[in-house]
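K.L.:
Only the shape, not the letters, is given here:
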DNA sequence: GCATGGTCAACTGTTGACAGTTTTCTATCT
DNA sequence: AGATAGAAAACTGTCAACAGTTGACCATGC
(Lines give C-alpha, C1' and ligand atoms only; values in the text may rest on other atoms or scores of the structure.)
Protein backbone atom coordinates (compact mmCIF):
# COMPACT_ATOMS: atom_id res chain seq x y z
CA UNK A 1 0.00 0.00 0.00
CA UNK A 2 2.90 2.34 0.75
CA UNK A 3 4.07 2.09 -2.85
CA UNK A 4 0.74 2.93 -4.44
CA UNK A 5 1.52 6.63 -4.88
CA UNK A 6 5.26 6.33 -5.24
CA UNK A 7 5.46 4.25 -8.35
CA UNK A 8 4.89 5.80 -11.71
CA UNK A 9 2.01 4.29 -13.60
CA UNK A 10 3.45 2.12 -16.32
CA UNK A 11 1.42 2.65 -19.43
CA UNK A 12 0.87 -0.42 -21.54
CA UNK A 13 -0.61 -0.14 -24.96
CA UNK A 14 -2.70 -2.93 -26.41
CA UNK A 15 0.29 -3.86 -28.49
CA UNK A 16 2.37 -4.41 -25.38
CA UNK A 17 -0.31 -6.58 -23.80
CA UNK A 18 -0.91 -8.61 -26.92
CA UNK A 19 2.80 -9.17 -27.49
CA UNK A 20 3.18 -10.48 -23.96
CA UNK A 21 0.20 -12.76 -24.41
CA UNK A 22 1.56 -14.14 -27.64
CA UNK A 23 4.97 -14.66 -26.14
CA UNK A 24 3.49 -16.50 -23.18
CA UNK A 25 1.42 -18.68 -25.48
CA UNK A 26 4.46 -19.52 -27.57
CA UNK A 27 6.57 -20.36 -24.56
CA UNK A 28 3.91 -22.42 -22.86
CA UNK A 29 3.41 -24.44 -26.03
CA UNK A 30 -0.17 -23.34 -26.57
CA UNK A 31 1.09 -21.99 -29.87
CA UNK A 32 3.32 -24.77 -31.11
CA UNK A 33 6.44 -24.37 -33.23
CA UNK A 34 5.53 -24.29 -36.91
CA UNK A 35 1.88 -23.61 -36.25
CA UNK A 36 0.06 -20.95 -38.24
CA UNK A 37 -1.50 -17.91 -36.63
CA UNK A 38 -4.81 -16.61 -37.89
CA UNK A 39 -5.09 -12.86 -37.39
CA UNK A 40 -8.86 -12.96 -37.57
CA UNK A 41 -9.27 -15.70 -35.02
CA UNK A 42 -6.66 -14.23 -32.67
CA UNK A 43 -8.08 -10.74 -32.91
CA UNK A 44 -11.51 -12.13 -32.11
CA UNK A 45 -10.35 -14.24 -29.18
CA UNK A 46 -8.22 -11.43 -27.74
CA UNK A 47 -10.96 -8.86 -28.31
CA UNK A 48 -8.80 -6.36 -30.16
CA UNK A 49 -8.75 -5.18 -33.71
CA UNK A 50 -6.25 -6.54 -36.18
CA UNK A 51 -4.07 -3.44 -36.17
CA UNK A 52 -2.49 -3.76 -32.73
CA UNK A 53 -2.34 -7.53 -33.15
CA UNK A 54 -0.34 -7.12 -36.34
CA UNK A 55 1.97 -4.69 -34.58
CA UNK A 56 2.53 -7.15 -31.74
CA UNK A 57 3.25 -9.89 -34.24
CA UNK A 58 5.75 -7.63 -35.97
CA UNK A 59 7.63 -7.08 -32.78
CA UNK A 60 7.90 -10.82 -32.22
CA UNK A 61 9.05 -11.18 -35.81
CA UNK A 62 11.83 -8.76 -35.01
CA UNK A 63 12.74 -11.02 -32.12
CA UNK A 64 12.56 -14.06 -34.38
CA UNK A 65 9.93 -15.84 -32.32
CA UNK A 66 7.55 -15.61 -35.28
CA UNK A 67 8.22 -15.94 -39.00
CA UNK A 68 6.11 -14.34 -41.70
CA UNK A 69 5.61 -15.26 -45.35
CA UNK A 70 4.08 -12.30 -47.21
CA UNK A 71 0.43 -12.81 -48.17
CA UNK A 72 0.45 -16.24 -46.58
CA UNK A 73 0.70 -15.59 -42.88
CA UNK A 74 2.73 -16.01 -39.77
CA UNK A 75 4.09 -19.16 -38.14
CA UNK A 76 5.67 -19.79 -34.79
CA UNK A 77 9.38 -20.22 -35.35
CA UNK A 78 10.45 -23.80 -35.33
CA UNK A 79 13.88 -25.09 -34.63
CA UNK A 80 15.58 -27.91 -36.38
CA UNK A 81 18.13 -29.94 -34.49
CA UNK A 82 20.75 -27.95 -36.33
CA UNK A 83 19.20 -24.73 -35.08
CA UNK A 84 19.12 -26.07 -31.56
CA UNK A 85 22.77 -27.05 -31.64
CA UNK A 86 23.73 -23.70 -33.07
CA UNK A 87 21.87 -21.80 -30.42
CA UNK A 88 23.36 -23.96 -27.73
CA UNK A 89 26.84 -23.28 -29.05
CA UNK A 90 26.18 -19.57 -28.93
CA UNK A 91 24.65 -19.76 -25.54
CA UNK A 92 27.55 -21.72 -24.15
CA UNK A 93 30.04 -19.16 -25.38
CA UNK A 94 28.01 -16.40 -23.81
CA UNK A 95 27.49 -18.17 -20.50
CA UNK A 96 31.20 -18.82 -20.28
CA UNK A 97 31.83 -15.15 -20.93
CA UNK A 98 29.30 -14.25 -18.24
CA UNK A 99 30.98 -16.55 -15.77
CA UNK A 100 34.39 -15.16 -16.53
CA UNK A 101 33.12 -11.61 -16.04
CA UNK A 102 31.29 -12.60 -12.88
CA UNK A 103 34.57 -13.79 -11.35
CA UNK A 104 35.67 -10.17 -11.50
CA UNK A 105 32.44 -8.27 -11.07
CA UNK A 106 30.25 -10.24 -8.75
CA UNK A 107 30.03 -8.85 -5.21
CA UNK A 108 31.04 -10.89 -2.18
CA UNK A 109 27.43 -10.71 -1.02
CA UNK A 110 26.20 -12.16 -4.27
CA UNK A 111 28.71 -14.98 -4.17
CA UNK A 112 27.75 -15.79 -0.57
CA UNK A 113 24.12 -15.89 -1.62
CA UNK A 114 25.05 -18.27 -4.41
CA UNK A 115 26.75 -20.59 -1.95
CA UNK A 116 23.72 -20.48 0.30
CA UNK A 117 21.59 -21.37 -2.66
CA UNK A 118 23.70 -24.42 -3.31
CA UNK A 119 23.35 -25.44 0.34
CA UNK A 120 19.60 -25.21 -0.05
CA UNK A 121 19.79 -27.23 -3.24
CA UNK A 122 21.78 -29.92 -1.46
CA UNK A 123 18.91 -30.26 1.01
CA UNK A 124 16.40 -30.91 -1.69
CA UNK A 125 14.80 -34.31 -1.39
CA UNK A 126 14.86 -34.86 -5.13
CA UNK A 127 18.60 -34.15 -5.31
CA UNK A 128 19.29 -36.53 -2.46
CA UNK A 129 17.29 -39.22 -4.20
CA UNK A 130 19.02 -38.39 -7.47
CA UNK A 131 15.67 -37.84 -9.10
CA UNK A 132 16.21 -34.34 -10.36
CA UNK A 133 17.58 -30.93 -9.66
CA UNK A 134 14.85 -28.34 -9.69
CA UNK A 135 15.43 -24.67 -9.31
CA UNK A 136 13.33 -21.64 -8.65
CA UNK A 137 11.88 -19.62 -11.45
CA UNK A 138 14.11 -18.14 -14.08
CA UNK A 139 15.16 -14.95 -12.37
CA UNK A 140 16.47 -16.76 -9.33
CA UNK A 141 18.12 -19.77 -10.88
CA UNK A 142 21.80 -20.46 -10.59
CA UNK A 143 22.76 -19.63 -14.13
CA UNK A 144 20.85 -16.43 -14.30
CA UNK A 145 22.31 -15.22 -11.05
CA UNK A 146 25.74 -15.61 -12.53
CA UNK A 147 24.71 -13.94 -15.75
CA UNK A 148 23.35 -11.01 -13.78
CA UNK A 149 26.55 -10.92 -11.75
CA UNK A 150 28.58 -10.46 -14.92
CA UNK A 151 27.83 -6.76 -14.89
CA UNK A 152 27.13 -6.82 -18.60
CA UNK A 153 23.48 -5.87 -19.03
CA UNK A 154 23.42 -6.55 -22.73
CA UNK A 155 24.72 -10.03 -22.18
CA UNK A 156 22.21 -10.65 -19.42
CA UNK A 157 19.43 -9.47 -21.69
CA UNK A 158 20.52 -11.75 -24.49
CA UNK A 159 20.83 -14.79 -22.28
CA UNK A 160 17.71 -14.14 -20.23
CA UNK A 161 15.72 -12.84 -23.16
CA UNK A 162 15.60 -13.95 -26.73
CA UNK A 163 18.05 -16.84 -26.49
CA UNK A 164 16.20 -18.17 -23.48
CA UNK A 165 12.89 -17.89 -25.26
CA UNK A 166 14.15 -19.52 -28.42
CA UNK A 167 15.21 -22.51 -26.39
CA UNK A 168 11.96 -22.60 -24.50
CA UNK A 169 10.09 -22.72 -27.77
CA UNK A 170 11.88 -25.97 -28.35
CA UNK A 171 10.97 -27.17 -24.88
CA UNK A 172 14.65 -27.21 -24.10
CA UNK A 173 15.19 -27.24 -20.41
CA UNK A 174 18.62 -27.89 -19.05
CA UNK A 175 17.60 -27.42 -15.45
CA UNK A 176 16.00 -30.66 -14.47
CA UNK A 177 18.33 -33.53 -15.17
CA UNK A 178 17.20 -36.77 -13.58
CA UNK A 179 20.00 -39.10 -12.72
CA UNK A 180 22.53 -36.38 -12.76
CA UNK A 181 21.52 -34.24 -9.81
CA UNK A 182 24.53 -34.87 -7.59
CA UNK A 183 26.95 -34.28 -10.44
CA UNK A 184 25.26 -31.02 -11.32
CA UNK A 185 25.48 -29.84 -7.76
CA UNK A 186 29.21 -30.61 -7.67
CA UNK A 187 29.71 -28.81 -10.93
CA UNK A 188 27.84 -25.82 -9.56
CA UNK A 189 30.07 -25.86 -6.51
CA UNK A 190 33.20 -25.90 -8.66
CA UNK A 191 31.91 -22.88 -10.51
CA UNK A 192 31.26 -20.96 -7.33
CA UNK A 193 34.69 -21.89 -5.96
CA UNK A 194 36.29 -20.36 -9.05
CA UNK A 195 34.13 -17.25 -8.67
CA UNK A 196 35.17 -16.97 -5.04
CA UNK A 197 38.81 -17.29 -6.02
CA UNK A 198 38.18 -14.41 -8.43
CA UNK A 199 39.77 -16.47 -11.18
CA UNK A 200 38.08 -15.68 -14.51
CA UNK A 201 39.80 -18.44 -16.44
CA UNK A 202 38.96 -21.13 -13.90
CA UNK A 203 35.39 -19.86 -13.74
CA UNK A 204 35.08 -20.00 -17.49
CA UNK A 205 36.51 -23.50 -17.64
CA UNK A 206 34.27 -24.77 -14.86
CA UNK A 207 31.21 -23.37 -16.59
CA UNK A 208 32.23 -24.79 -19.94
CA UNK A 209 32.73 -28.21 -18.39
CA UNK A 210 29.33 -28.03 -16.75
CA UNK A 211 27.52 -26.88 -19.88
CA UNK A 212 29.16 -29.50 -22.09
CA UNK A 213 28.11 -32.25 -19.75
CA UNK A 214 24.59 -30.91 -19.52
CA UNK A 215 24.35 -30.65 -23.30
CA UNK A 216 25.65 -34.16 -23.81
CA UNK A 217 23.16 -35.43 -21.30
CA UNK A 218 20.30 -33.75 -23.12
CA UNK A 219 21.59 -34.83 -26.51
CA UNK A 220 21.49 -38.41 -25.38
CA UNK A 221 17.90 -37.99 -24.33
CA UNK A 222 16.99 -36.32 -27.59
CA UNK A 223 18.58 -39.12 -29.57
CA UNK A 224 16.74 -41.66 -27.51
CA UNK A 225 13.40 -39.95 -28.00
CA UNK A 226 14.04 -39.45 -31.73
CA UNK A 227 14.85 -43.11 -32.25
CA UNK A 228 11.66 -43.95 -30.38
CA UNK A 229 9.77 -41.97 -33.00
CA UNK A 230 11.07 -44.14 -35.83
CA UNK B 1 18.90 -13.29 -68.37
CA UNK B 2 19.08 -17.03 -67.89
CA UNK B 3 17.90 -16.61 -64.33
CA UNK B 4 14.88 -14.48 -65.13
CA UNK B 5 12.48 -17.39 -65.25
CA UNK B 6 14.26 -19.62 -62.79
CA UNK B 7 14.15 -17.48 -59.70
CA UNK B 8 11.00 -17.25 -57.67
CA UNK B 9 9.63 -13.76 -57.39
CA UNK B 10 10.35 -12.54 -53.90
CA UNK B 11 7.32 -10.71 -52.66
CA UNK B 12 8.02 -7.69 -50.53
CA UNK B 13 5.27 -6.00 -48.65
CA UNK B 14 5.36 -2.29 -47.95
CA UNK B 15 6.35 -3.17 -44.39
CA UNK B 16 9.43 -4.98 -45.65
CA UNK B 17 10.43 -2.05 -47.85
CA UNK B 18 9.82 0.53 -45.16
CA UNK B 19 11.72 -1.47 -42.53
CA UNK B 20 14.71 -1.70 -44.88
CA UNK B 21 14.55 2.01 -45.55
CA UNK B 22 14.42 2.83 -41.87
CA UNK B 23 17.26 0.49 -41.10
CA UNK B 24 19.40 2.00 -43.83
CA UNK B 25 18.64 5.50 -42.58
CA UNK B 26 19.59 4.51 -39.05
CA UNK B 27 22.82 2.92 -40.12
CA UNK B 28 23.83 5.73 -42.43
CA UNK B 29 23.25 8.24 -39.65
CA UNK B 30 20.44 10.06 -41.43
CA UNK B 31 18.37 9.10 -38.41
CA UNK B 32 20.70 9.79 -35.52
CA UNK B 33 20.82 7.92 -32.21
CA UNK B 34 18.36 9.41 -29.78
CA UNK B 35 16.44 11.26 -32.47
CA UNK B 36 12.65 11.15 -32.49
CA UNK B 37 10.66 9.73 -35.38
CA UNK B 38 7.45 11.39 -36.45
CA UNK B 39 5.02 8.89 -37.92
CA UNK B 40 3.09 11.56 -39.79
CA UNK B 41 6.16 13.11 -41.38
CA UNK B 42 7.72 9.75 -42.23
CA UNK B 43 4.51 8.36 -43.67
CA UNK B 44 4.18 11.47 -45.83
CA UNK B 45 7.77 11.42 -47.04
CA UNK B 46 7.68 7.67 -47.74
CA UNK B 47 4.28 7.92 -49.41
CA UNK B 48 2.63 5.18 -47.36
CA UNK B 49 -0.05 5.19 -44.73
CA UNK B 50 0.80 5.05 -41.07
CA UNK B 51 -0.26 1.42 -40.67
CA UNK B 52 2.60 -0.28 -42.52
CA UNK B 53 5.02 2.30 -41.17
CA UNK B 54 4.01 1.44 -37.62
CA UNK B 55 4.44 -2.23 -38.40
CA UNK B 56 7.92 -1.64 -39.77
CA UNK B 57 8.80 0.38 -36.70
CA UNK B 58 7.56 -2.46 -34.48
CA UNK B 59 9.85 -4.89 -36.18
CA UNK B 60 12.83 -2.64 -35.58
CA UNK B 61 11.72 -2.29 -31.98
CA UNK B 62 11.84 -6.05 -31.71
CA UNK B 63 15.41 -5.85 -33.00
CA UNK B 64 16.19 -3.06 -30.53
CA UNK B 65 17.21 -0.56 -33.19
CA UNK B 66 14.30 1.64 -32.12
CA UNK B 67 12.84 2.34 -28.70
CA UNK B 68 9.25 3.36 -28.04
CA UNK B 69 7.68 5.24 -25.16
CA UNK B 70 3.91 4.71 -25.21
CA UNK B 71 1.92 7.79 -26.26
CA UNK B 72 5.16 9.74 -26.71
CA UNK B 73 6.81 8.22 -29.71
CA UNK B 74 9.77 6.32 -31.03
CA UNK B 75 13.45 7.14 -30.83
CA UNK B 76 16.48 5.66 -32.51
CA UNK B 77 18.32 3.57 -29.95
CA UNK B 78 21.34 5.26 -28.53
CA UNK B 79 24.29 3.61 -26.93
CA UNK B 80 26.17 4.80 -23.92
CA UNK B 81 29.84 3.99 -23.61
CA UNK B 82 28.82 1.27 -21.19
CA UNK B 83 26.50 -0.18 -23.81
CA UNK B 84 29.24 -0.07 -26.38
CA UNK B 85 31.68 -1.88 -24.17
CA UNK B 86 29.13 -4.49 -23.29
CA UNK B 87 28.27 -5.17 -26.89
CA UNK B 88 31.92 -5.36 -27.78
CA UNK B 89 32.50 -7.91 -25.04
CA UNK B 90 29.68 -10.01 -26.38
CA UNK B 91 30.83 -9.64 -29.91
CA UNK B 92 34.35 -10.65 -29.03
CA UNK B 93 33.18 -13.81 -27.35
CA UNK B 94 31.09 -14.68 -30.37
CA UNK B 95 33.79 -13.90 -32.92
CA UNK B 96 36.21 -16.09 -30.99
CA UNK B 97 33.64 -18.87 -31.04
CA UNK B 98 33.18 -18.38 -34.76
CA UNK B 99 36.90 -18.55 -35.36
CA UNK B 100 37.24 -21.69 -33.28
CA UNK B 101 34.42 -23.34 -35.22
CA UNK B 102 35.84 -22.16 -38.52
CA UNK B 103 39.09 -23.97 -37.78
CA UNK B 104 37.07 -27.17 -37.96
CA UNK B 105 34.35 -26.33 -40.47
CA UNK B 106 35.85 -24.02 -43.05
CA UNK B 107 36.63 -25.66 -46.37
CA UNK B 108 40.13 -25.69 -47.84
CA UNK B 109 38.83 -23.59 -50.70
CA UNK B 110 37.51 -20.96 -48.34
CA UNK B 111 40.76 -20.82 -46.42
CA UNK B 112 42.71 -20.46 -49.65
CA UNK B 113 40.42 -17.62 -50.69
CA UNK B 114 41.07 -15.99 -47.32
CA UNK B 115 44.82 -16.16 -47.90
CA UNK B 116 44.41 -14.69 -51.35
CA UNK B 117 42.40 -11.89 -49.82
CA UNK B 118 45.22 -11.11 -47.44
CA UNK B 119 47.66 -11.05 -50.35
CA UNK B 120 45.41 -8.52 -52.05
CA UNK B 121 45.25 -6.52 -48.85
CA UNK B 122 49.02 -6.49 -48.64
CA UNK B 123 49.12 -4.85 -52.04
CA UNK B 124 46.88 -2.03 -50.97
CA UNK B 125 48.59 1.31 -51.20
CA UNK B 126 47.04 2.56 -47.99
CA UNK B 127 48.33 -0.46 -46.06
CA UNK B 128 51.80 -0.01 -47.45
CA UNK B 129 51.77 3.62 -46.40
CA UNK B 130 50.35 2.63 -43.00
CA UNK B 131 47.42 4.94 -43.57
CA UNK B 132 44.63 2.50 -43.13
CA UNK B 133 43.34 -0.93 -43.86
CA UNK B 134 40.17 -0.80 -45.88
CA UNK B 135 38.12 -3.80 -46.81
CA UNK B 136 35.33 -4.57 -49.18
CA UNK B 137 31.74 -4.30 -48.14
CA UNK B 138 30.46 -6.23 -45.20
CA UNK B 139 29.70 -9.55 -46.85
CA UNK B 140 33.17 -9.91 -48.17
CA UNK B 141 35.25 -8.65 -45.30
CA UNK B 142 37.71 -10.80 -43.46
CA UNK B 143 35.78 -11.17 -40.26
CA UNK B 144 32.51 -12.00 -41.88
CA UNK B 145 34.11 -14.61 -44.07
CA UNK B 146 35.33 -16.36 -40.98
CA UNK B 147 31.97 -16.02 -39.29
CA UNK B 148 30.33 -17.56 -42.32
CA UNK B 149 32.93 -20.31 -42.32
CA UNK B 150 31.95 -21.25 -38.80
CA UNK B 151 29.04 -23.27 -40.10
CA UNK B 152 26.81 -21.88 -37.40
CA UNK B 153 24.10 -19.91 -39.20
CA UNK B 154 22.58 -18.51 -36.06
CA UNK B 155 25.93 -17.17 -34.97
CA UNK B 156 26.55 -15.67 -38.39
CA UNK B 157 23.16 -14.02 -38.30
CA UNK B 158 23.79 -12.55 -34.89
CA UNK B 159 27.22 -11.20 -35.79
CA UNK B 160 26.30 -10.00 -39.27
CA UNK B 161 22.88 -8.81 -38.22
CA UNK B 162 21.69 -7.11 -35.11
CA UNK B 163 25.04 -6.89 -33.31
CA UNK B 164 26.64 -5.42 -36.40
CA UNK B 165 23.85 -2.92 -36.78
CA UNK B 166 23.93 -1.90 -33.15
CA UNK B 167 27.58 -1.07 -33.49
CA UNK B 168 27.04 0.74 -36.75
CA UNK B 169 24.46 2.92 -35.05
CA UNK B 170 27.26 4.07 -32.81
CA UNK B 171 29.49 4.66 -35.82
CA UNK B 172 31.75 1.96 -34.51
CA UNK B 173 33.99 0.73 -37.23
CA UNK B 174 36.86 -1.54 -36.37
CA UNK B 175 37.90 -2.00 -39.95
CA UNK B 176 39.88 1.09 -40.78
CA UNK B 177 42.64 1.59 -38.27
CA UNK B 178 45.12 4.22 -39.35
CA UNK B 179 48.59 3.68 -38.02
CA UNK B 180 47.97 0.05 -37.39
CA UNK B 181 47.54 -1.39 -40.84
CA UNK B 182 50.63 -3.57 -40.94
CA UNK B 183 49.93 -4.97 -37.51
CA UNK B 184 46.36 -5.80 -38.46
CA UNK B 185 47.54 -7.62 -41.53
CA UNK B 186 49.97 -9.70 -39.49
CA UNK B 187 47.26 -10.48 -37.00
CA UNK B 188 45.00 -11.55 -39.83
CA UNK B 189 47.73 -13.81 -41.14
CA UNK B 190 48.19 -15.42 -37.75
CA UNK B 191 44.47 -16.15 -37.64
CA UNK B 192 44.51 -17.77 -41.07
CA UNK B 193 47.55 -19.84 -40.17
CA UNK B 194 45.69 -21.23 -37.19
CA UNK B 195 42.69 -21.96 -39.37
CA UNK B 196 44.91 -23.73 -41.87
CA UNK B 197 46.44 -25.78 -39.08
CA UNK B 198 42.86 -26.75 -38.13
CA UNK B 199 43.65 -25.79 -34.56
CA UNK B 200 40.49 -24.36 -32.89
CA UNK B 201 42.24 -23.25 -29.75
CA UNK B 202 45.01 -21.42 -31.61
CA UNK B 203 42.46 -19.84 -33.91
CA UNK B 204 40.42 -18.62 -30.98
CA UNK B 205 43.48 -17.21 -29.23
CA UNK B 206 44.69 -15.45 -32.38
CA UNK B 207 41.30 -13.88 -32.91
CA UNK B 208 41.03 -12.83 -29.29
CA UNK B 209 44.46 -11.20 -29.46
CA UNK B 210 43.48 -9.35 -32.63
CA UNK B 211 40.16 -8.14 -31.29
CA UNK B 212 41.61 -6.97 -27.98
CA UNK B 213 44.23 -4.93 -29.78
CA UNK B 214 41.65 -3.46 -32.11
CA UNK B 215 39.39 -2.57 -29.22
CA UNK B 216 42.17 -0.95 -27.27
CA UNK B 217 43.13 1.05 -30.30
CA UNK B 218 39.58 2.30 -30.71
CA UNK B 219 39.18 2.95 -27.00
CA UNK B 220 42.20 5.21 -27.11
CA UNK B 221 40.66 7.13 -29.94
CA UNK B 222 37.34 7.39 -28.16
CA UNK B 223 39.01 8.66 -25.02
CA UNK B 224 40.93 11.21 -27.02
CA UNK B 225 37.86 12.47 -28.79
CA UNK B 226 35.87 12.55 -25.53
CA UNK B 227 38.51 14.61 -23.75
CA UNK B 228 38.51 16.95 -26.72
CA UNK B 229 34.82 17.53 -26.05
CA UNK B 230 35.46 18.79 -22.51
C1' DG C 1 7.34 36.90 -11.26
C1' DC C 2 5.80 32.42 -10.44
C1' DA C 3 2.35 28.85 -10.07
C1' DT C 4 -1.86 26.95 -11.59
C1' DG C 5 -5.56 25.81 -14.70
C1' DG C 6 -7.70 25.61 -19.15
C1' DT C 7 -7.67 25.25 -24.13
C1' DC C 8 -6.04 23.79 -28.43
C1' DA C 9 -3.00 21.76 -31.73
C1' DA C 10 -0.29 17.96 -32.73
C1' DC C 11 0.55 13.77 -32.00
C1' DT C 12 -0.08 8.42 -31.00
C1' DG C 13 -3.26 4.31 -30.67
C1' DT C 14 -7.07 1.80 -32.47
C1' DT C 15 -10.83 0.58 -35.44
C1' DG C 16 -13.31 -0.85 -39.40
C1' DA C 17 -13.60 -0.70 -44.34
C1' DC C 18 -11.71 -1.71 -48.70
C1' DA C 19 -8.30 -3.71 -51.98
C1' DG C 20 -5.43 -7.44 -53.23
C1' DT C 21 -3.94 -12.33 -52.80
C1' DT C 22 -4.43 -17.11 -51.89
C1' DT C 23 -6.97 -21.22 -51.10
C1' DT C 24 -10.90 -24.03 -51.63
C1' DC C 25 -14.63 -25.72 -54.13
C1' DT C 26 -17.29 -26.68 -58.24
C1' DA C 27 -18.08 -27.41 -63.05
C1' DT C 28 -16.43 -28.84 -67.40
C1' DC C 29 -13.52 -31.14 -70.62
C1' DT C 30 -10.58 -34.89 -72.18
C1' DA D 1 -10.45 -40.43 -63.32
C1' DG D 2 -7.52 -36.64 -63.85
C1' DA D 3 -6.64 -31.99 -65.43
C1' DT D 4 -8.09 -27.35 -66.08
C1' DA D 5 -10.63 -23.13 -65.44
C1' DG D 6 -13.52 -20.14 -62.95
C1' DA D 7 -16.02 -18.48 -58.96
C1' DA D 8 -16.42 -17.78 -54.22
C1' DA D 9 -14.72 -17.74 -49.63
C1' DA D 10 -11.17 -16.72 -46.59
C1' DC D 11 -7.43 -14.59 -45.77
C1' DT D 12 -3.55 -10.70 -45.64
C1' DG D 13 -2.15 -5.78 -46.58
C1' DT D 14 -3.25 -1.04 -46.52
C1' DC D 15 -5.87 3.06 -45.85
C1' DA D 16 -8.36 6.77 -43.65
C1' DA D 17 -11.17 8.13 -39.88
C1' DC D 18 -11.93 8.54 -35.11
C1' DA D 19 -10.59 8.33 -30.10
C1' DG D 20 -7.29 9.24 -26.62
C1' DT D 21 -2.99 11.45 -24.89
C1' DT D 22 0.53 14.86 -24.50
C1' DG D 23 2.80 19.20 -24.80
C1' DA D 24 2.68 24.04 -25.83
C1' DC D 25 0.62 28.22 -25.09
C1' DC D 26 -2.27 31.58 -22.89
C1' DA D 27 -4.97 33.57 -19.12
C1' DT D 28 -5.69 34.16 -14.29
C1' DG D 29 -4.60 34.37 -9.42
C1' DC D 30 -1.39 35.05 -5.64
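P.N.:
Looks like it arrived, so ask away. Just so you know, these numbers come straight off a predicted model, no measurement behind them.

K.L.:
For burial, what's the neighbour tally of the closest residue to residue A:39 other than its chain neighbours?
P.N.:
Among residues not flanking residue A:39 along the chain, residue A:50 sits closest, at 5.2 Å (Cβ to Cβ, 6 or more residues apart in numbering or on different chains). Every residue, glycine included, has its C-beta placed from N, CA and C. Neighbour count of residue A:50, defined by other Cβ atoms under 10 Å in any protein chain shown: 14.

K.L.:
Same check on residue A:163?
P.N.:
19.

K.L.:
which one is it nearest to, not counting chain neighbours?
P.N.:
Counting by Cβ to Cβ, 6+ apart, the residue nearest residue A:163 is residue A:91, at 5.4 Å.

K.L.:
what mean pLDDT does the host helix or strand of that neighbour have?
P.N.:
Assessed by DSSP states H and E, residue A:91 sits inside helix A:81-105. Per-residue pLDDT over helix A:81-105 has a mean of 92.

K.L.:
Residue A:70 contacts residue B:12, doesn't it?
P.N.:
Yes - if you go by Cβ atoms under 8 Å, residue A:70 and residue B:12 touch, sitting 6.9 Å apart.

K.L.:
Please name the nearest non-neighbouring residue to residue A:187.
P.N.:
residue A:210 (4.1 Å).

K.L.:
what sits against that neighbour?
P.N.:
Shown in contact with residue A:210 (Cβ atoms under 8 Å, 6 or more residues apart in numbering or on different chains): A:184, A:187, A:188, A:190, A:191.

K.L.:
quick one: it from DNA strand C, how far?
P.N.:
43 Å (Cβ to the nearest atom of the strand, to the nearest Å).

K.L.:
again, but for residue A:187
P.N.:
46 Å.

K.L.:
Specify the local secondary structure of residue A:68.
P.N.:
Using DSSP: H, G, I helix; E, B strand; the rest coil, the structure places residue A:68 in strand.

K.L.:
Excluding sequence neighbours, find me the nearest residue to it.
P.N.:
Per Cβ to Cβ, 6+ apart, closest to residue A:68 is residue A:74, 4.7 Å.

K.L.:
contacting residues around residue A:213?
P.N.:
Each residue near residue A:213 by Cβ under 8 Å, 6+ apart is listed here: A:180, A:183, A:187.

K.L.:
Give me the neighbour count for the first one.
P.N.:
Okay, so that is residue A:180. Neighbours of residue A:180 using other Cβ under 10 Å come to 16.

K.L.:
wouldn't it be in contact with residue A:217 here?
P.N.:
Yes - assessed by Cβ under 8 Å, residue A:180 is found in contact with residue A:217 at 5.8 Å.

K.L.:
in chain A, which spans are strands?
P.N.:
A:36-37, A:66-69, A:73-76 (DSSP state E).

K.L.:
And those: which comes nearest residue B:40?
P.N.:
Closest approach to residue B:40 among the strands of chain A is made by strand A:66-69 (26.0 Å; Cβ to Cβ).

K.L.:
For the closest one, give the mean pLDDT please.
P.N.:
Strand A:66-69 comes out at a mean pLDDT of 94.

K.L.:
just checking, what packs against the helix holding residue A:91?
P.N.:
Applying 3 or more Cβ pairs under 8 Å, 6 or more residues apart in numbering or on different chains; DSSP states H and E, we find helix A:81-105 packed against helix A:142-149, helix A:153-160, helix A:162-169, helix A:181-196, helix A:200-228, helix B:81-105, helix B:153-160.

K.L.:
and the closest residue to DNA strand C within chain A, how many neighbours?
P.N.:
Ranked by Cβ to the nearest atom of the strand, the top residue of chain A for proximity to DNA strand C is residue A:51, at 2.0 Å. The burial count assigned to residue A:51 is 14, neighbours taken as other Cβ under 10 Å.

K.L.:
All set, thanks.
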